[in-house]
Every structure is written in C-alpha cells, then in structure tokens.
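Undergrad: Quick one: sequence and predicted model below, then my questions.
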Amino acid sequence: MDLFLPQLLTGLAYASTLFLVAAGLTIIFGVTRVVNFAHGSLYMLGAYLAYTITAELPRTPVGFFGGLLLAGVVVAIIGVAIEVLILRRIYAAPEIFQLLGTFGIVLIVQDLVLWLWGPEDLFAPRAPGLSGAVEIAGALVPQYALFLLAAGPVVFVLLWLLFHRTQWGINVRAATQDGEMAEALGVDRRRLFTTVFALGAFLAGLGGALQIPRESVTLQMDLAVIVEAFVVVVVGGLGSIGGALLASILIGLLHAFGIWLLPQSTLVLAFLAMAVVLVIRPYGLLGRAQVIARGGGELHAPFIAADRRLKLVAAAMLAAAASAPLWAGDYLLVVLTDIAILAVFAASLHFFMGLGGITSFGHAAFFGAGAYAAALLAKYAQAPFFAGLIAGPLAAGAVALLCGWFVLRAQGVYAAMLTLAFAQILWSGATQWIDVTGGDNGILGLWNGLPPWLTERNAYFLLTLALAVAALLLLRRAAYAPFGVALRAVRDARARAEASGIDAQRVQWAAFAAGGLLAGLAGVLNAYQKGSVFPNSLSIAQSLDALVMVLLGGLQTLVGPLLGAAAYHALAVELTRGTEHWRLVLGVAIVLLVVVFPQGIAGFLRARLERPAATR
C-alpha cells in the first residue's frame, strides 16, 4: 500500500493535467475539424508565461494561482490571433493541409520561445500553500498532486455545464453535429470557431501553467505533450470530452504503474493501449462514426502524362544531376544524395496518400525498419551492402503489411494515429532494446560493409540517383496502370468502386505495403549514406518531414514529392547554415505556402502553365 497509493494518486494527478490539454484539443477538433498540431506549443507557452508572470507577482497563493490563470488567458489571446490570422484562411482545405499549417506554427513558436527565454531549462518554486505533503493510509502524498487530481474533474464539470446549460454551448454542440445546418439557423460559425479555439487554447495554456511547480520548463514540452494528448483524444473518441477524461485516466494510470512495474516499457504502453482500443473500437471509447476526417468522396483531377516540353526539362535536370560528380564538390554531393533519398521517402508516402487517400502520421516506421534491418544484418551477420539493400526494403514491406492490416480497418484521423502508434512502438523498441540496437548510441560502422568501389562519394551518389530514378519511375508507372486507377477509384468513391468489382481493402493494403517497401529502400540508402542508424530514423520528426515534403510539393501531383523533397531539404540546409533562427523562417515559409497556395509547388506551377485540369 505504501507504494501503490502514491503511484495511483500520481497517475491520477498526471491524468488530470493531461485531460486539460486533451479536452482543449478535442473541443477544437469537434467544432472546427482542425487537427491542431500546434496545441502542444500553446501548452508550452502556458508554462513559460506562467514562469515569468508568477515571478513578478507576490509569493502568495492568490498571486501564484492568479498568475497561472493569467497565463492561460494570455495563451487564449494568442490562440485567437492564430485562428484569425492563419487557421481561418485554411478551414476549407483538407485536414492534412491544416496539419501542415499548424506544424509551421510549431516551428515559429519554438524559435520565438528560444529567442525570448533562452535554451536553458527553467525551474519554478513550489506552489505557495501547497508545498508540503499529507499522509494518506500511511503514505506521504504531495499536496500539489492532490490539487491537480481535483482540478481535472472540476474542469470537466465546468465544461459539461458550459456545453449543456448555456446557449453558447448549445450552439457549439449543434455546430459539432451539423455545422451547415447550425449556420442556416443563425449561428455565426466564424465567431463560434474563434471562441472555441480560444477556449481550447486557454485549457492548453492552463495545463502547461499548472505543471511548473512539478517539472522544469523546457523547449521539448510541446512535442512530448502533443503526442500523448493525441493519444488521449483518439482513444477517447474525437470530439468527446467524456472520452477524453476516461482516456486520460487510462493513460495516466498506465504511465504511473508502467514506471513502477515495467520500467522498460513506459515509452510504448500508451501507444499499445491506443492500438488495442482502435482495433476493437475504430472510433475510440466514446467516439461516433460520423466524427471522422473530412474529405471522403472528394474528386480530384485525373493524372495525365507530361507533355514533350516538360519531359525535355525533366531529362535535362536528370542529366545535370548525373553529371554532378564532374562539377560539384563533396558537400554539394552529400546534399544531392540526401535529396535523392528523401525524394524516394516522400514518393513512397505520396503513393498511398495522394493516390489512395490513406493518411499516415508514422511513415518513419518503414523508413527506420528498412534502415535497422540492414544495419542489424551488417552488425550480427556481417552481411554485405547489397544483401542489406534487398533485405531492408523487404523487412519494411513486411512491417507495412502487418501495420496496414490494422490501419485500414479504421478511418480518417483514427487510421493516421494508428500508423503513429506503430511507429512509436518501433521507436520505443529501438530506444530501449539496448543489447540489440544499441539504444541511443545506435549502430555504427556501416561504411565498413560497402564494397571498395562504393566508398567513393561519387560512386555512392550515382548508385543512389539510379535507384531513386528507378523507384520514382516505378511509382509513376503504377499510378497510370490499372492498379493505380483502381486505387484512385477507391479514394474518390469507395462504394462505387466496390460495386464495380474492385476489392478496395486489398488494393489499399497492397499500396500501403508498396509504400512501406520503398520507404525501407530510402532508409537503407540513408543508413549507408550516414554510416550509422539511430532511433531518430523512426521518430515523429522523421514522419513529419515526409508529410511536409509531400504537401509542400503537391499532394495531387506525381512530381510533387520530388519537388517537395528538394525544396524542403535545400531550404532546411541553407537556413541551418545561414541563421540560428531557421525554425522561424522555415515555419513562416510553410504557413505562407499553406495559406497562399495549398496545392503545393507542383500544383502552383501547373496552374501557372494554365493547365488546371492536368496533373503531372
């Protein structure tokens, strides 16, 4: 009991804080249908603002907790600015583009916080009046943990009263059920969206502010909390506050007792729980079938072959790339090799996302699986490079087959979060299975497995370029083949496609596996390019890079992944070299791209060529 009770109360206190963040996220999604990846940034801002505000106020309970509330209010105002200036302009865009826009906001906020508060971790004093501990059943429990434990249920009751006992709440629930009908009945949806976003931002900011007496304030807070908040929202059911509370308790208890009973599995328990719940209940514990991602049944322009002029341009660019060893230095060759690898990685995601409408938040699972398969073969079986080049993609394809079997039984954001769960499970294994994978130390020395003729930078670049061109041509051929036509038919009109004899599940599953296989190829090439493999090849950041490249290039264009990979990597490299605030510049560029031309670089160029019905 001495150990059980403190762990139980600690888990419930953590669940209470997690509920505040998740409730704001699910409220925003329920009304606006925005998958707000920047919600974690609002949480982080709440913590930093609370640290600064409470330091200037009297060290009394009223001053301290008043400062926490004030931090939440300031974050709500920032949330209104984000909604009015950015999100309001992309509500009509597909959710995946909204995700890209909010990712740009994440980069902007990270750099602004770094500039204002610096890179050091900040430590706030304990909460005045609640700095001690009380004895319960023989165990000492911090008073502040008990305060947090009570805060979540209190906020839940207040939210219930707000949504069920006020006219504003009735309007919100009406807009959640049928926004167009609510607007026809006189509800100002624009103002409603703004107030809902303000409430969600306030809850996120308050959640971050309440954490400062318990943990340090760091620049990593945003990504850490948004991942768990997404897990809570998806497990509970998108748009369900009650589901968010129930899922928060589940994840909080798993977190507390996982550290106690299974310390090696703490990183993976939440994602295992999410995977299990979504396999059993594809819409979460209290979710409803109609609360899914928007965009089903949306028609897209047909793919047509490039005309002769564009083929000549492509041939000239390929010839210039192939001749790079004659005129490029070592550094530029490294950059070009990276772009070729990333083009394959982005194209592998685009194949089932652009053609098949299957969104993935965890595409790094296949990239990293291929890299680790080749690296483990090299480390333990002394397998040569070409053996890894074959085994890595096959291993990634097998992982994609397994993952796809579960993912394709869900829909929309639920399916995308399942891919994230699988990626995080693999990342956790790579991080914590130290005896096999080396953990954070990774697997080194892969260059030793290269044949002598490939150790030259020029030779490796040319091999990578040849494999990348072959992979991209293969995907292009598949897009025009009957298989690609069937895949797009399932994307645009699943019921009609099935009525015409297409096995929709099998077609999507095959596309998902093919995308995973080619992502594994990119992972192997990247591993031997770097000479090592680390868990970050399976990380969320790697998956987000793939998404950004696809959307930056253009989701409904075959050449989009190549242009997106080149633009994103070149921009990131040059910004990193030229300014320490590269995240701010890159974030602003991403937001502008989403707002100004969400069709991507290739789509924008296509429009400029006055061929709006053609997709190359």
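TA: Thanks, I have the structure now.
Undergrad: Can you tell me how far Ala416 is from Gly560?
TA: 19 Å (C-beta to C-beta, to the nearest Å). The C-beta positions use only the backbone N, C-alpha and C, and glycine is treated the same way.
Undergrad: which of those two has more neighbours?
TA: Taking other C-beta atoms under 10 Å, Ala416 and Gly560 do not tie; Gly560 has more neighbours (29 against 26).
Undergrad: Contact partners for that one?
TA: His350, Gly354, Val550, Gly553, Gly554, Gly600, Ile601, Ala602, Gly603 (C-beta atoms under 8 Å, 6 or more residues apart in numbering).
Undergrad: if you set the cut-off to 6 Å instead, what comes out?
TA: Contact analysis of Gly560 by C-beta atoms under 6 Å, 6 or more residues apart in numbering lists Gly553, Gly554, Gly600, Ala602.
Undergrad: all strands of the stretch 351-500 of the chain, in order?
TA: 443-444 (DSSP state E, counting those that start in this stretch).
Undergrad: and the closest residue to Ile601 other than its chain neighbours, how far is that from Gly600?
TA: Spatially, and ignoring its direct neighbours in sequence, Ile601 is nearest to Leu563 (4.8 Å; C-beta to C-beta, 6 or more residues apart in numbering). For Leu563, the distance to Gly600 (C-beta to C-beta) stands at 8 Å.
Undergrad: same check, this time on Ala174
TA: 35 Å.
Undergrad: the more surrounded of Leu563 and Gly600?
TA: Gly600 (28 against 22).
Undergrad: in which helix or strand would I find the residue nearest to Ile601?
TA: With elements taken from DSSP states H and E, the one containing Leu563 is helix 560-578.
Undergrad: contacting residues around the next helix or strand after that helix?
TA: Next along the chain after helix 560-578, taking DSSP H and E as the criterion, comes helix 582-596. The contact list for helix 582-596, computed with C-beta under 6 Å, 6+ apart, reads 86, 89-90, 97, 100-101, 104, 107-108, 110-111, 575-576.
Undergrad: repeat that for 7 Å
TA: 86, 89-90, 97, 100-101, 103-105, 107-108, 110-112, 548, 552, 571-572, 575-576, 579 (C-beta atoms under 7 Å, 6 or more residues apart in numbering).
Undergrad: buried ones in the helix holding Leu563?
TA: 560-569, 571-573, 575 (16 or more other C-beta atoms under 10 Å).
Undergrad: For that helix, give the mean pLDDT please.
TA: The average pLDDT within helix 560-578 is 81.
Undergrad: List the residue ranges of the stretch 201-350 of the chain that fall below the pLDDT cut-off.
TA: For the stretch 201-350 of the chain, the stretches with pLDDT under 70 are 259-267, 289-307, 310.
Undergrad: circling back to that earlier point, just the buried ones from the contacts of helix 582-596, in ChimeraX syntax?
TA: The following ChimeraX line selects those of the contacts of helix 582-596 that are buried, judged by 16+ other C-beta under 10 Å:
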select :86,90,97,100,101,103,104,105,107,108,110,111,112,548,552,571,572,575
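Undergrad: Wait, Phe512 touches Ile358, no?
TA: Yes - counting by C-beta atoms under 7 Å, Ile358 is a contact partner of Phe512 at 6.2 Å.
Undergrad: anything in contact with each of those two?
TA: Residues touching both Phe512 and Ile358 (C-beta under 7 Å, 6+ apart): Phe352.
Undergrad: Now Leu159. Nearest residue, chain neighbours left out?
TA: Once flanking residues are discounted, Leu159 sits nearest to Ile241: 5.6 Å by C-beta to C-beta, 6+ apart.
Undergrad: what residues are up against Val399?
TA: Contacts of Val399 by C-beta under 7 Å, 6+ apart are Ala365, Phe366, Ala369, Gly516.
Undergrad: so the last one is in which element?
TA: With the criterion set as DSSP H and E, the secondary-structure element containing Gly516 is helix 504-530.
Undergrad: Going by neighbour count, which residues of that helix are buried?
TA: 504, 507-530.
Undergrad: One more: stretch 475-483?
TA: Buried-residue list, stretch 475-483, by 16+ other C-beta under 10 Å: Leu475, Arg476, Ala478, Ala479, Phe483.
Undergrad: Make TSV from those residues and add distance to Thr32 and pLDDT to it.
TA: What follows is the buried residues of stretch 475-483, written out as TSV (distance: C-beta to C-beta, whole Å; pLDDT from 0 to 100):
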residue	distance to Thr32	pLDDT
Leu475	34	92
Arg476	36	89
Ala478	36	92
Ala479	33	89
Phe483	36	93
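Undergrad: I'm done for today, thanks for sticking with me.
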